[in-house]
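Chemist: here is my input; please provide its structure:
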Amino acid sequence: MSIAFSVSQQHYLFGVQTFAHTVLAAGGDSYRYLLRDTTTQGVFDDVSSGVSEVGLIMRTTTSEAVLDAAIAEAGLEFTELAKSAPRVALPVSHPLSNASRLSLDDLEDWPYIRFDQGADVPEEFFEEALSDVARDKTIICTDRATLSELATALNGYTVTSGILVGIADGTSLTTVELDTDVKLHLGIVTKQGACLSPLGERFVSGLKKSLERYARE
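Modeler: Model prediction:
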């Protein structure tokens, strides 16, 4: 059975939720879908090669020039769906979890956890805003669940879109406003000039509604 619909994304709970809703809405007694959490370059490669119809990424006001060039070189185009302010994600039990606002200086003694993007990849490809800021304590991992477990076990933190809604509702982590002028631009990458399939249209429509509901600028 061939793949009916495929999405490649950076590590987003809201992408998982929207994908699940797309599958449920389509229904059927048999089907074969694919959802890939991968690196930024992996998203570009998957969409460019046709492994996935849609890619889901975040770019920032400081990374957009480099990413736009890579997107164009891959024969892709970026469509923005929402803007969001980066937030600090940390365990609900963290001593700083009740702060109204945090700076990176406030977090310098705590472990910073981010997703692996592979060797020799520009910082603009990192999916966490402000990844170019030096940290004394950094842990790199490849899996969303692993990141949450490490943050909880080590009182660590990461920088996210702040949209933790998903199947598990992100209950182990909470988010706090980050003191920065950087903005996130959440959107999709598709092949240049390509028309989305009905499932692709359904997914993107649901994604936009979810982001409009939960994104905080």
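Chemist: hey, let's count contacts and neighbours off CA atoms from now on
Modeler: Will do.
Chemist: what about L196, how many residues nearby?
Modeler: Residues lying near L196 (other Cα atoms under 10 Å) number 15.
Chemist: for it, what are its contacts?
Modeler: Residues in contact with L196 (Cα atoms under 8 Å, 6 or more residues apart in numbering) are E53.
Chemist: got a pLDDT number for it?
Modeler: On the pLDDT scale, L196 is placed at 95.
Chemist: A153 versus that one, what's the distance?
Modeler: Between L196 and A153 the computed distance is 42 Å (Cα to Cα, to the nearest Å).
Chemist: which stretches of the chain form helices?
Modeler: Taking DSSP state H as the test, the helices found in the chain are 13-26, 40-49, 64-73, 144-154, 198-214.
Chemist: ok, and for the third one, which residues are buried?
Modeler: In other words, helix 64-73. Neighbour counts using 16 or more other Cα atoms under 10 Å place 64, 67, 70-71 of helix 64-73 among the buried residues.
Chemist: domains in the protein, as residue ranges please.
Modeler: According to automatic domain parsing, the chain comprises the domains 5-84+183-214, 87-178.
Chemist: got the end-to-end distance for the shortest one?
Modeler: Using Cα to Cα, one end of domain 87-178 lies 5 Å from the other.
Chemist: let me see the mean pLDDT of it.
Modeler: Domain 87-178 carries an average pLDDT of 89.
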